[in-house]
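# Sequence and predicted structure are below.
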Amino acid sequence: MYIRNDKTAVRLVFFTKCRKDYFDNGSLPAREDYLRTGLFILQRSIRFASRDEKPYKEDWDYINAILDKLRKIKRESIN
């Protein structure tokens, strides 16, 4: 995944790798909060890209993957 902003890239690497155990072992509300944080980081990186640049397909793929996981968590919490 390519992210234009170095600060965002560093936060996202921390978010996706260092806290994986927290996500795997957390409760449903904790996992939902964790995914929403990642979604926010990605959306900010896209929003603050220069106006001439189009968001990269990988950015959108990652956002869609997070949204899919959020939908799955919602279904689990209903059951």
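Nice, thanks for sending it over.
# Name the helix or strand of the protein that has the lowest mean pLDDT.
When the helices and strands of the chain are scored by mean pLDDT, DSSP states H and E, helix 6-13 comes last with a mean of 56.
# Tell me the predicted confidence for Ile78.
Per-residue pLDDT puts Ile78 at 71.
# how many neighbours does it have?
6 (other Cβ atoms under 10 Å). (Each C-beta comes from the backbone N, C-alpha and C, glycine too.)
# can you check Tyr34 too?
19.
# Name the SS class of it, please.
helix (DSSP: H, G, I helix; E, B strand; the rest coil).
# what's the pLDDT at it?
72.
# What strand or helix carries the closest residue to Pro29 other than its chain neighbours?
Excluding its sequence neighbours, the residue lying closest to Pro29 (Cβ to Cβ, 6 or more residues apart in numbering) is Ser77, at 8.0 Å. If you go by DSSP states H and E, Ser77 is part of helix 57-78.
# Pull out the buried residues from that helix.
The neighbour-count criterion (16 or more other Cβ atoms under 10 Å) identifies Asp59, Tyr62, Ile63, Ile66, Lys69, Ile73 as the buried residues of helix 57-78.
# can you tell me which of those lies nearest to Asp33?
Ile73 (10.1 Å; Cβ to Cβ).
# mind listing what the spatially closest residue to the closest one that is not a sequence neighbour touches?
With sequence-adjacent residues excluded and distances taken as Cβ to Cβ, 6+ apart, Ile73 is closest to Glu32, at 5.1 Å. Glu32 makes contacts with Leu70, Ile73, Lys74, as judged by Cβ atoms under 8 Å, 6 or more residues apart in numbering.
# what about the nearest residue to Leu67 once chain neighbours are set aside, neighbour count?
Nearest residue to Leu67 in three dimensions, chain neighbours excluded: Leu39, at 7.3 Å (Cβ to Cβ, 6+ apart). By other Cβ under 10 Å, 16 other residues sit near Leu39.
# what about Leu39, which helix or strand?
helix 28-47.
# and the angle from that helix to helix 57-78?
Here the directions of helix 28-47 and helix 57-78 differ by 160 degrees (axes from the mean of the first three to the mean of the last three Cα atoms, to 10 degrees).
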